[in-house]
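# have a look at this prediction, sequence included:
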Amino acid sequence: MSNVHTVPRSTSQSVTESNAVQTRTRKGSGKPVAPRRGLQLKWSSWAPPAATFVIAAALWQALALSNPYVIPTIDAVWSSLAKEPMMYWANLLVTLQEVVIGAGAGILFGFLLAVIMAEFQIMERAVMPLIVVVMVTPVVAIAPALVVAFGFGMMPKYIVTALVVFFPMLVNSLAGLRDVDGKALDVMRTLHASRWEIFRDLRFPGCMPFVFAGLRIALPLAIVGAAVAEFVAAGQQAGLGSLVTIAAAQANLAVTWASIALLCLMGVTLVSILALVRKRVLWWSEDTTVAR
Amino acid sequence: MSSELLDVTGAVGNRFAASAAGSRPAGTTGVQIANVSKSFGADGARTLVLDDVSLSINAGEFVSVIGPSGCGKSTLLKVIAGLSEADEGTVTIDGKTVKSATKGKMIGLVPQSPALLPWRTVLDNVTLPITVNPKANAGRTLRDPKEILESFGLGHAINKYPSQLSGGMQQRAAIARAFVFDPSVLLMDEPFSALDEMNRDAQRLGLLDFWQTNRKTVLFVTHSVPEAIMLSDRIIVMAAHPGRIADVIDVNLPRPRDADVYATDEFRDLEGAVRSSLQSVMEKKYV
C-alpha cells in the first residue's frame, strides 16, 4: 500500500519546488512591477525532483511487474488512457465541473461570511459555533445523507465540495481581514474613512495573502470532496471518482489507476494555476508571511 | 503639581503666539487641550495615564512632546487624533471638537511606522487621503501629490513601491501623505524612531526644511532631545506616573534653521536645559 502514495506525494513535492524557484527569480529581479518569469531554470532546480520521479516510476514498475494482480504497470495505465481518451475526458469534465462550481461557491461563501464576521463581531460569536459543529462532522458521513435529500444528480456533489472548501476559506479570510496594519488603520480613521473605504483600500487588498493561503489548502481539498461525493453517489453523471469505484469493483487496475492519475493531474494543474495567479496578484507580499 | 506648570498657553514669546492671541479670541485656532485625563485598566486597578493635561498649540506652531516611557505622550497624541477618547477634559482643533475635526479631515497623522500600503505605489499612497472621505475635500487647497513628493526628494520614486524605498524614504512618503490634504494640524508620533542616527538626522532636517516653507500646526512626539530642539518652537516635557506636563521650554532659536544650529551655543544651552529637565522628571520617578 505504501507505494500507492508515491506518485501523488512526489508530485506535490515538485509543485513546492517550482514555487520556490519562482520566488527566487522574483526576489532576484527586485522589481515588483514586472516580475521576470523564471524561464531559464538552473538544472539544480529541476534535476532533483526529476530524479525523484524517475526513481519512483522505476520502483513502481518493478513492483507492478512482480505483483501483476495488485498494481498495473505504467504502460498499461498509459495505454488505457490512450485507448479511450474521450471516455476519460468526459469523466474528467464532470469532476472538474463539480470542483469549479462547488469550490467556487464554497470559496465565495467562505469569503463573504468572513467579511461579514470581520465587520460585525457579533456574527462571529453567533455563527462560528454552528460552523465548527458542521465542520467537525466527517464529510464522508454527510455525503450519503445529502444524496437522500438531493438525489443522485450534481447537487449533492456541489454541496460536498463547497462544504470542504468553505471552512479553510472562512478561517483564512477572517484572519486576513483582521490582520490589518494597525498604524495604517489609524491613518484611515483620522481621515474619517468609511467602513467601505477601509475595506476597499485596506482590508480587502491586505487580506489577499491569507486568502491565497486558504486557496492553497482549499483547492486540493475540493478535489477530495468531489471524489468522495462521487464514491457515495455515483449516479448517472459519472466522473473520475465514480470511475475509480466502478473500475476497482471490477478489478480493472489500469482504469482505476488511470482515473487516479487524472485526479492527481487535475490537482497539480489547479495548484499550479493558483501559484501563477498568486505571483501576479501578490507580488507585493513578503514571502515569509504566507504559507503557499 | 503646580498650576503654573500647566498654564503654558500664555507666557510664550514667539511670534505665532503673539499673532494668534492678537487677532482671534483664545480657543478658536490651533489645538486647545483643556484638563484632559485618561486612565486605562479595570475598575479596581486603573492606571492614570494622563492627569489633567492642559496645553495650547497656536496655529502654525511646532510643538514637541518629550518624556520618559509611560509619560502618556503617545496617548495624548491618540486623544487629539480621535483614536482614543479622553475620560475628562476637552480637545478642540481650530475651535472644533476632535470628532468634527476628523469628519472634516483636519488632522494629519504620521504614525511611528510609515504604514504605507505595500500594494500601492508611492504616488498612490500619498493620494490616498485625497480619495478617502471625499466629502471633506470641498473648500480646501489640496496639494498636488507629485509636487509634494518632489519637495520631499521623492520625485524619482513616485512610481516605485514602498518595499523599494529605504526606511527614511518611506517615512518621508508618510509625512508627505499627511501634508497632502492640507490638514489643520499634523500629529507626528516618533516618526524617525525606527531609523538609524545618521538617517534620522537627514530626515529631521528634511522635515525642518519642508515645514519652514509650509508652516502648519504640528504636535511632534519624540524621544530625542536634539530633534525636539531642532524642529520646535516649544518643547513640552512630560513626566510619568501619572502622565503630566512637567515643564515647558521655549526654543527661541531663529528661523529658518539648518544644520549649522547644532553647533551654536544657544543650541547647547537648550540641550542642557532640556536634559536637566528630563533628568529631574526621571529622578522623581524613582524616588
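On my side now, so go ahead.

# which parts of chain B sit against chain A?
By C-beta under 8 Å from any C-beta of the partner chain, the residues of chain B that approach chain A are B:81-83, B:102-105, B:107-109, B:111-113, B:115-119, B:128-129, B:131-133, B:136, B:159, B:161, B:163-164, B:177, B:181, B:187. (Glycine included, C-beta is placed from N, CA and C.)

# so which residue is smack in the middle of chain A?
Closest to where the C-alpha atoms of chain A average out (C-alpha atoms, centre = their mean) is A:Leu219, at 1.7 Å.

# excluding chain neighbours, give the residue nearest to it in space.
In space, and not counting its chain neighbours, A:Leu219 is closest to A:Leu270: 4.7 Å by C-beta to C-beta, 6 or more residues apart in numbering or on different chains.

# return the distance of the one you found relative to chain B.
Between A:Leu270 and chain B the distance, using C-beta to the nearest C-beta, to the nearest Å, works out to 25 Å.

# ok, now A:Val255?
Relative to chain B, A:Val255 is positioned 48 Å away (C-beta to the nearest C-beta).

# ok, A:Leu219 next?
As it turns out, when the distance is counted by C-beta to the nearest C-beta, A:Leu219 lies 23 Å from chain B.

# correct me if wrong: that residue contacts A:Leu274.
Yes. Contact criterion C-beta atoms under 8 Å: A:Leu219 and A:Leu274 qualify, at 6.0 Å.

# from B:Arg257, how far off is B:Ala263?
Using C-beta to C-beta, to the nearest Å, one gets 12 Å for the distance from B:Ala263 to B:Arg257.

# same question, B:Ser184
Distance check for B:Ser184 against B:Arg257: by C-beta to C-beta, it reads 24 Å.

# what does A:Ala227 give?
Distance of A:Ala227 to B:Arg257, computed by C-beta to C-beta: 73 Å.

# neighbour count: the two, which is higher?
Between A:Ala227 and B:Arg257, A:Ala227 has the larger neighbour count (other C-beta atoms under 10 Å in any protein chain shown), namely 27 against 19.

# give me the spatial nearest neighbour of that one, chain neighbours excluded.
Nearest residue to A:Ala227, sequence neighbours excluded (C-beta to C-beta, 6+ apart): A:Gly241, at 3.6 Å.

# the one you found contacts A:Ala229, correct?
Yes. Proximity of A:Gly241 to A:Ala229 meets the contact threshold set by C-beta under 8 Å, at 7.1 Å.

# those two: which is more packed in?
Legend: neighbour count by other C-beta under 10 Å for A:Gly241 and A:Ala229, higher for A:Ala229 (34 against 28).

# so which strand or helix has that one?
helix A:204-232 (DSSP states H and E).

# from the middle of its chain, how far away would that helix be?
In this view, helix A:204-232 has its centroid 5 Å away from the chain centroid, taken as C-alpha atoms, centre = their mean, to the nearest Å.

# buried stuff in it?
Buried residues in helix A:204-232, counting neighbours by 16 or more other C-beta atoms under 10 Å in any protein chain shown, are found at A:205-232.

# same check, this time on stretch A:184-200
Of the residues in stretch A:184-200, those scored as buried under the neighbour-count criterion (16+ other C-beta under 10 Å) are A:184-193, A:197-199.

# quick check: the farthest pair among those residues?
Checking these against each other with C-beta to C-beta, the farthest-apart pair comes out as A:Thr190 and A:Phe199, at 17.4 Å.

# chain B contacts on the stretch 151-292 of chain A?
Of all the residues in the stretch 151-292 of chain A, those in contact range of chain B (C-beta under 8 Å from any C-beta) are A:181, A:183-184, A:186-194, A:197, A:201-202, A:205-206, A:284-285.

# so which of those belong to helices?
A:183-184, A:186-190, A:197, A:205-206 (DSSP state H).

# could these go into CSV alongside pLDDT?
Putting these into CSV (pLDDT from 0 to 100) gives the following:
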residue, pLDDT
A:Lys183, 94
A:Ala184, 95
A:Asp186, 95
A:Val187, 96
A:Met188, 96
A:Arg189, 95
A:Thr190, 95
A:Glu197, 96
A:Pro205, 95
A:Gly206, 93
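
# next, give me the two most distant ones among the residues you listed.
Largest separation among those by C-beta to C-beta: A:Thr190 and A:Pro205, giving 20.0 Å.

# how far away is the residue of chain B most remote from its centre from B:Glu85?
In terms of distance from the mean C-alpha position of chain B, B:Gly44 ranks first, at 33.3 Å (C-alpha atoms, centre = their mean). Counting by C-beta to C-beta, the separation of B:Gly44 from B:Glu85 is 21 Å.

# same question for A:Pro220.
48 Å.

# and if you look at B:Leu208?
Distance check for B:Leu208 against B:Glu85: by C-beta to C-beta, it reads 33 Å.

# count of neighbours near B:Ala42?
Other residues close to B:Ala42 by other C-beta under 10 Å number 6.

# checking my notes, it in a strand, right?
No. Secondary structure of B:Ala42, determined by DSSP: H, G, I helix; E, B strand; the rest coil: coil, with no strand assignment.

# and the pLDDT at it?
For B:Ala42, the pLDDT comes out at 78.

# then the one 5 residues further on?
pLDDT, B:Thr47: 85.

# which residues pair with it across the strands?
B:Thr47 forms beta bridges with B:Phe40, as assigned by DSSP bridges.

# am I right that it is in contact with B:Ser37?
No. Counting by C-beta under 8 Å, B:Thr47 stays clear of B:Ser37, with 11.8 Å between them.

# between these two, who's got more neighbours?
It is B:Ser37, of B:Thr47 and B:Ser37, that has more neighbours when counted by other C-beta under 10 Å, with 18 against 13.

# in three-state terms, label the more buried one for me.
Taking three-state DSSP as the rule, one finds B:Ser37 in the strand state.

# OK, contacts around it?
With contacts defined as C-beta atoms under 8 Å, 6 or more residues apart in numbering or on different chains, B:Ser37 is in contact with B:48, B:50-53, B:86-89.
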